[in-house]
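Asks: Task: produce atomic coordinates for the following.
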Amino acid sequence: MAQHGKPRRGSLQFSPRKRAKTPLPRVRSWPEGDGILGFIGYKVGMASAKVKTTNPQSPFTGKEIVKSVTVLEVPPMLLRAVRLYKKTAYGSKVLTEFSNFKDVDISKADFARLIFETQPSKAGFPRKNPEVAEIAHGGTLEETLTFAKENMDKELKFSDVFSEHEFMDVTGVTKGKGFQGPVRRFGVHLLPYKTEKSRRKPGSLGPWTPEKTPWQVAMAGQTGYHTRTEYNKQVLKIGTEDINPKSGWKRYGLVKSDYVLVVGSVQGPAKRTIRMKKATRPGKNFAVDFQGIVMDGGIKK
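Replies: Below you'll find the predicted structure:
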């Protein structure tokens with residue numbers, strides 16, 4: 001009888017599998033585009049929405065289907081400062097950071113990043129300290145500084161950055177699961193029941209020569225609470241009206257500010273800080289049209 005194999009779970013590209021440094025994830029690269037290229041929000045929970053697909057090859061074309069969606073609360077952000085960078089042989093180096101445009105020398109700068117501050121006081125759960133993070137602005141250095149000068153200390157809404165039916169990349173920290181063994185962490189097979197000492201371990205730790213354990217061997221360790229990015233998530237709907245169920249959102253509370261519906265799941269538990277940016281590698285994705293969200297009292301348009 002043929003033996004059915006199974007590829008190992010967990011890509012070796014994600015190594016080492018350590019805990020994220022902060023719950024606010026870092027965005028290492030920004031796509032090309034115009035205007036502000038990202039936004040910060042908070043995960044509320046998941047719901048079901050009725051949609052219609054625009055894919056002409058789908059068997060559900062013209063029919064209403066139900067899809068899982070994630071609700072993200074996106075209160076307006078405040079532009080607080082500008083950070084100038086210079087490109088060197090050892091990477092980009094920070095020259096200066098300022099919020100007052102008087103006597104600013106930009107002759108040595110190559111590009112700039114904008115420093116935004118969130119407003120968790122306008123969200124549905126209490127948090128004292130806001131998140132402060134860099135967000136890129138598409139265009140030249142002069143265009144970025146002009147935008148910053150006109151919008152310093154002003155609010156920026158999610159609808160100013162993204163639009164409905166647009167695809168974006170979502171970065172966040174996954175749910176933490178603590179210290180786990182190799183079976184749960186990498187999905188290795190259970191050994192036969194007569195195996196010496198243990199069954200929930202890898203069959204071999206490596207060759208006799210050289211006398212060391214390769215780093216590719218599935219071992220126990222930290223599971224979850226890793227920074228991960230999901231690509232091409234569709235913005236289904238941007239709303240301001242009431243979307244709260246009768247009892248509120250589980251482990252979150254009430255959505256008090258603007259919100260966005262994202263098709264599919266988003267990593268992390270409720271209240272997790274989520275960073276969104278323009279799609280880095282957009283493909284031939286077919287958007288779906290929003291018809292309504294399924295709530296306790298029926299369907300909300």
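Asks: Work out the sheet partners of whichever helix or strand Met168 is part of and label each with its direction, please.
Replies: Applying DSSP states H and E as the criterion places Met168 in strand 167-173. Next to strand 167-173 in the sheet, as set by DSSP bridges, lie strand 227-239 (antiparallel), strand 273-278 (antiparallel).
Asks: Pick the most buried one from the ones you listed.
Replies: Counting by mean count of other Cβ atoms under 10 Å, strand 273-278 has the highest mean neighbour count of those, with a mean of 23. Every C-beta, even on glycine, is put in place using the N, C-alpha and C of the backbone.
Asks: Assumed Leu145 was part of a helix.
Replies: Yes - counting by DSSP: H, G, I helix; E, B strand; the rest coil, Leu145 is part of a helix.
Asks: rewinding a little: can you list the strands paired with strand 167-173 in TSV and add distance to Ser11 and mean pLDDT?
Replies: TSV is the format used below for the strands paired with strand 167-173 (distance: least, Cβ to Cβ, whole Å; pLDDT from 0 to 100):
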stretch	distance to Ser11	mean pLDDT
strand 227-239	11	94
strand 273-278	21	96
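Asks: Nearest to Met168, out of these?
Replies: Nearest to Met168, of all the strands paired with strand 167-173, is strand 273-278, at 5.0 Å by Cβ to Cβ.
Asks: quick one: the closest one to chain centroid distance?
Replies: Here strand 273-278 is found 5 Å from its chain centre; the criterion is Cα atoms, centre = their mean, to the nearest Å.
Asks: could you dump it to CSV, C-alpha only?
Replies: Extracted as CSV, the C-alpha positions of strand 273-278 are listed here (Å, rounded to 0.1, in the frame of the first residue of the first chain):
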residue,chain,number,x,y,z
THR,A,273,-3.2,46.8,15.9
ILE,A,274,-3.3,46.2,12.1
ARG,A,275,-1.3,48.0,9.6
MET,A,276,-2.6,48.4,6.0
LYS,A,277,-0.7,49.5,2.9
LYS,A,278,-1.3,49.7,-0.8
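Asks: Give me the buried positions along the helix or strand just after that strand.
Replies: Next helix or strand after strand 273-278 toward the C-terminus (DSSP H and E): strand 288-295. Neighbour-count burial for strand 288-295, counted by 16 or more other Cβ atoms under 10 Å, picks out 288, 290, 293.
Asks: for those residues, which one is nearest Val51?
Replies: The nearest member of the buried residues of strand 288-295 to Val51, counting by Cβ to Cβ, is Val288 at 4.0 Å.
Asks: How about the contacts made by the most centrally placed residue in the chain?
Replies: Taking Cα atoms, centre = their mean, the centroid of the chain lies closest to Thr171, which sits 2.1 Å from it. Residues in contact with Thr171 (Cβ atoms under 8 Å, 6 or more residues apart in numbering) are 25, 27, 227-230, 274-277.
Asks: now do Ser159
Replies: Shown in contact with Ser159 (Cβ under 8 Å, 6+ apart): 238, 258.
Asks: got a pLDDT number for it?
Replies: On pLDDT, Ser159 comes in at 95.
Asks: what do you get for Met295?
Replies: Per-residue pLDDT puts Met295 at 69.
Asks: Make JSON lines out of the strands paired with strand 167-173 and add distance to Glu211.
Replies: Listed next are those as JSON lines, based on distance: least, Cβ to Cβ, whole Å:
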{"stretch": "strand 227-239", "distance to Glu211": "34"}
{"stretch": "strand 273-278", "distance to Glu211": "44"}
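Asks: now for those strands, which one comes closest to Thr88?
Replies: Checking the strands paired with strand 167-173 against Thr88 by Cβ to Cβ gives strand 273-278 as the closest, at 24.8 Å.
Asks: From His226, how far off is the closest residue to Leu191 other than its chain neighbours?
Replies: Distance criterion Cβ to Cβ, 6 or more residues apart in numbering; nearest residue to Leu191, sequence neighbours excluded, is Arg199 at 4.6 Å. According to Cβ to Cβ, to the nearest Å, Arg199 stands 27 Å off from His226.
Asks: Equivalent analysis for Gly203, please.
Replies: The separation that Gly203 has from His226, given Cβ to Cβ, amounts to 26 Å.
Asks: do the same with Pro282
Replies: To His226, Pro282 is 25 Å away according to Cβ to Cβ.
Asks: do Lys177 as well
Replies: With Cβ to Cβ as the criterion, Lys177 and His226 are 10 Å apart.
Asks: which of those two has more neighbours?
Replies: Remark: of Lys177 and His226, His226 carries more neighbours, 18 against 12, as counted by other Cβ atoms under 10 Å.
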